[in-house]
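Participant: Here is my input; please provide its structure:
(one chain, ligands or ions: 1)
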Amino acid sequence: MQAKTLQWASELVDCIHFLHQKGFAPATSSNYSFRNPEDGTIMISASGIDKGTFNTSHLMAINLNGQALNDKRKPSAETLLHTMIYKRLSEANCVLHTHTVFNTVLSAALRQNGYIRLEGYEVLKGLSGIKTHDTFVDIPIFDNSQDMSELAERIENYWDGHQGLHGFLLAGHGLYTWGKDIASAKRQIEVLEFLFECYYRMQIFQT
Ligand SMILES: [Zn+2]
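Facilitator: Just a heads-up that it's a prediction; the model follows:
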């Protein structure tokens, strides 16, 4: 890897270990990527790696169509969702996907609703472009699928009519979010996961 690529790769590995320690990546689940600042290709986690022992050699280069470049390993099963985001958002340079208890439970419970509304919280200001607590953010929920082309197309169709997304949920599955760099994407994950837990715990006070 070239120096700049290696710097991003090391930063992503630190982020993956942090998320794993938080319990955001059970078993070998969850997948992560960044846009290589050297050549615009995508560096993505190889399939089936325990995120507790993940290192830079577990990242592999793919093109924007999700095809491996000079690598016999299989990229993450959800590669096409990563490339869909990079193709759509030129400003996205890191995509993070986590499976947590709160994002799994809420996305399953609110699937019929189609979205989860996060409203009135100070921590919303951690999301890119948000300057006040006095606002709301809707995170759409899509039915899960094992057919990534079909799923990516469904998300793209929704996205055409809804600008300014901060992330999206797959029902009973997990969260996707992104950022201009690894630190920004990590911040988005932390904010959204924190607010999902708040949303869940607030149900105690509602009848
Ligand atoms: Zn997943």
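Participant: Is residue 136 in contact with residue 115, as I believe?
Facilitator: No - using CB atoms under 8 Å, residue 136 is not in contact with residue 115; the gap is 10.5 Å. The way it works is simple: take the backbone N, C-alpha and C, and place the C-beta from them, glycine included.
Participant: Between the two, which has more neighbouring residues?
Facilitator: Ranked by neighbour count (other CB atoms under 10 Å), residue 136 and residue 115 place residue 115 first, with 17 against 11.
Participant: which residues does the more buried one contact?
Facilitator: 138-141 (CB atoms under 8 Å, 6 or more residues apart in numbering).
Participant: Mark which of those residues are buried, thanks.
Facilitator: The neighbour count (16 or more other CB atoms under 10 Å) marks 139-141 as buried among the contacts of residue 115.
Participant: Those in helices, which ones?
Facilitator: If you go by DSSP state H, those have nothing in helices.
Participant: Looking at these, which one is closest to residue 86?
Facilitator: The nearest member of those to residue 86, counting by CB to CB, is residue 140 at 18.8 Å.
Participant: Which ones among the contacts of residue 115 lie within strands?
Facilitator: Among the contacts of residue 115, the residues falling in strands (DSSP state E) are 138-141.
Participant: Could you save these as JSON lines and add columns showing pLDDT and distance to residue 123?
Facilitator: Converted to JSON lines, these look like this (pLDDT from 0 to 100; distance: CB to CB, whole Å):
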{"residue": "138", "pLDDT": "97", "distance to residue 123": "16"}
{"residue": "139", "pLDDT": "98", "distance to residue 123": "14"}
{"residue": "140", "pLDDT": "98", "distance to residue 123": "20"}
{"residue": "141", "pLDDT": "98", "distance to residue 123": "20"}
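Participant: which one is residue 168 nearest to, not counting chain neighbours?
Facilitator: The shortest distance from residue 168 to any non-neighbouring residue, by CB to CB, 6 or more residues apart in numbering, is to residue 140 (5.0 Å).
Participant: same check, this time on residue 171
Facilitator: residue 111 (4.1 Å).
Participant: quick one: contacts for the one you found?
Facilitator: 141, 143, 171-172.
Participant: Now do the same for it: helix, strand or coil?
Facilitator: Residue 111 carries the three-state label coil when classified by DSSP: H, G, I helix; E, B strand; the rest coil.
Participant: what pLDDT does it get?
Facilitator: For residue 111, the model assigns a pLDDT of 96.
Participant: What of residue 102?
Facilitator: Listed pLDDT for residue 102 reads 96.
Participant: Relative to residue 62, how far out is the residue nearest to residue 168?
Facilitator: Distance, residue 140 to residue 62, using CB to CB, to the nearest Å: 26 Å.
Participant: could the ones in strands among the contacts of residue 115 go into TSV alongside distance to residue 165?
Facilitator: Shown next, in TSV, are these (distance: CB to CB, whole Å):
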residue	distance to residue 165
138	9
139	8
140	7
141	12
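Participant: which one of those residues is nearest residue 159?
Facilitator: residue 140 (8.7 Å).
Participant: The closest one reaches residue 164, doesn't it?
Facilitator: No - using CB under 8 Å, residue 140 is not in contact with residue 164; the gap is 11.7 Å.
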